[in-house]
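Student: model this:
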Amino acid sequence: MKIIDLIIALAYFSIPVQIVFGLCKFPRLTRRATTKVVVLLVLFALFIFLCGTGHLLRCIDMADTTLFRAVNILTAVISITTAIYLMPFVPNLMEMTDKLYLEATTSKEIIAKMYPPQIRERLLNRERSRMDGTGSAAMVDGSSTREVEMNIKEPIRHRIQEFIRRRSGKEDKLGVVHPNQNDPENDLFDSDPIADDFNDTSIMFADISSFTLWSSQHSPIEVFTLLESLFCEFDRIADEMGVYKLSTVGDCYIASAGVPYPRDDHAIVLTQFAECCRQRANDLFVRLSPKLDTDGLGIRIGIHSGPVTAGVLRGDKTRFDFFGDTINTAQRIESTGKPNSVHLSSETAQLIELAGKGDWLLPRKNAVEAKGKGELKTFWLRKAGEVGTSEEDPSLSMV
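Tutor: The predicted model follows:
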């Protein structure tokens, strides 16, 4: 029995030791915790410690002493005090748990939509390190910055460095953080940027033709009803086809394939995505016409394939973004297109032909003038039921 009491006493003693160790190891969390929570932890640790003391006294044959009885009385007092102290917490415990779960789930969903998974995990790991006070900015999953640089040929998911810095500054009355510019130790970032080159990508720009005129004649509620309805349709298609949505700028929807998830069929997938978006947009305009008068609207889409530089652009509104001539050319291909059509660059068309889908293409008669590039030969994506060899062919028809 003495051995059992000793084991139980040691088990009891380990709990308050862990509580004290945790409070000391994570001072940031301790400071953020409310006074009531800290007091509750101290009472609980004291209660467990007294229970362990009682077993230890029994182990050394002091169960009939005044000290043992005093320990039992003190244990009972602490137990009653803890129970009374807990009473205000109990009614709100489930509500607080549900609220915390809802906030965590909502935050995770928002972050998931902003960043690709490999970047999102590194951001979260970096923030966890910052919150627990370790500040391990130099290592990423056991790899130092130097090791990451040495493995430049590895896929981006193995090379991304975590980077969220610990900004100094203070909030004004509106809650805006103003960094301390005079402190030389507080640089804007404490790690290298997250960026990489993607050589095989396709970029799509899509916007609504005649949108400027239409929006000037409709209320803000109607304008946002149209944009939300259209972009939500595009988002659903993107999720189904594995296309990455970069962003929306006004009435322009920007998407990609091959970045940030490399894939060989990027041109085929993005072309199929564009055609699905075109059809879905036309259906939506018809459906919303009685309410929003969208008969005169159409979707204009342009796609170009080529290399881009992609990464996390840090700042007050950190975001994942693409850069390069491919982006500019894709935007030019879109702007020189026509409503209810998918306009393709010759680079994208070549990849489609190499994939054995040359019958998808319809050469454009007139070349496109692009700044810094001169004239560009482009193609239309053939619609369902469309025949002929050029856009001027009288046999063209659409079903």
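
Student: Below-threshold pLDDT in the stretch 1-150 of the chain: ranges please.
Tutor: Scanning the stretch 1-150 of the chain with the threshold set as pLDDT under 70 gives 1-2, 23, 25-36, 88-97, 108-150.

Student: Do a quick rundown of the strands in it.
Tutor: Using DSSP state E, counting those that start in this stretch, the strands found in the stretch 1-150 of the chain span residues 139-140, 143-144.

Student: Asp197 against Thr309, yeah?
Tutor: Yes. If you go by Cβ atoms under 8 Å, Asp197 and Thr309 touch, sitting 5.6 Å apart. (Each C-beta comes from the backbone N, C-alpha and C, glycine too.)

Student: what are the C-alpha coordinates of stretch 312-324, in CSV please?
Tutor: Output in CSV follows, covering the C-alpha atoms of stretch 312-324 (Å, rounded to 0.1, in the frame of the first residue of the first chain):
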residue,chain,number,x,y,z
VAL,A,312,3.7,36.2,-51.6
LEU,A,313,3.7,40.0,-51.8
ARG,A,314,4.0,41.1,-48.2
GLY,A,315,2.8,44.3,-46.5
ASP,A,316,-0.3,45.5,-44.8
LYS,A,317,-2.4,43.4,-47.1
THR,A,318,-0.3,40.3,-47.8
ARG,A,319,-1.3,38.4,-50.8
PHE,A,320,-0.2,35.7,-53.3
ASP,A,321,0.5,37.4,-56.7
PHE,A,322,1.9,36.8,-60.2
PHE,A,323,4.2,39.0,-62.2
GLY,A,324,5.8,39.0,-65.6
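
Student: Would you mark the buried spots in it?
Tutor: Val312, Arg314, Phe320, Asp321, Phe322, Gly324 (16 or more other Cβ atoms under 10 Å).

Student: In strands only, show me the residues you listed.
Tutor: Applying DSSP state E to the buried residues of stretch 312-324, the entries found in strands are Val312, Phe320, Asp321, Phe322.

Student: which two in those residues are spaced the farthest apart?
Tutor: Within these, two members stand farthest from each other by Cβ to Cβ: Val312 and Phe322, at 11.4 Å.

Student: quick one, helices of the stretch 151-300 of the chain?
Tutor: 211-216, 220-241, 266-292 (DSSP state H, counting those that start in this stretch).

Student: now for the ones you listed, which one comes closest to Leu41?
Tutor: helix 220-241 (43.9 Å).

Student: Give me the average confidence score over that closest one.
Tutor: For helix 220-241, mean pLDDT is 95.

Student: same question, stretch 324-344
Tutor: Per-residue scores along stretch 324-344 average to 93.

Student: May I have the distance across that stretch, first residue to last?
Tutor: 18 Å (Cα to Cα, to the nearest Å).

Student: Which of the residues in it are classified as buried?
Tutor: 324, 326-334, 336-337, 340-344.

Student: Just the ones of these in strands?
Tutor: Ser341, Val342, His343, Leu344.

Student: how near is the closest residue to the third one other than its chain neighbours to Asn282?
Tutor: Nearest in space to His343, with sequence neighbours left out and distances taken as Cβ to Cβ, 6 or more residues apart in numbering, is Gly337 at 3.4 Å. As for Gly337, its distance to Asn282 is 15 Å (criterion: Cβ to Cβ, to the nearest Å).

Student: thought Trp274 was touching Ile303?
Tutor: Quick fix: residue 274 reads Ala, not Trp. Yes. Ala274 is in contact with Ile303 according to Cβ under 8 Å; the separation is 6.0 Å.

Student: which neighbours do these two share?
Tutor: Met204, Val342 (Cβ atoms under 8 Å, 6 or more residues apart in numbering).
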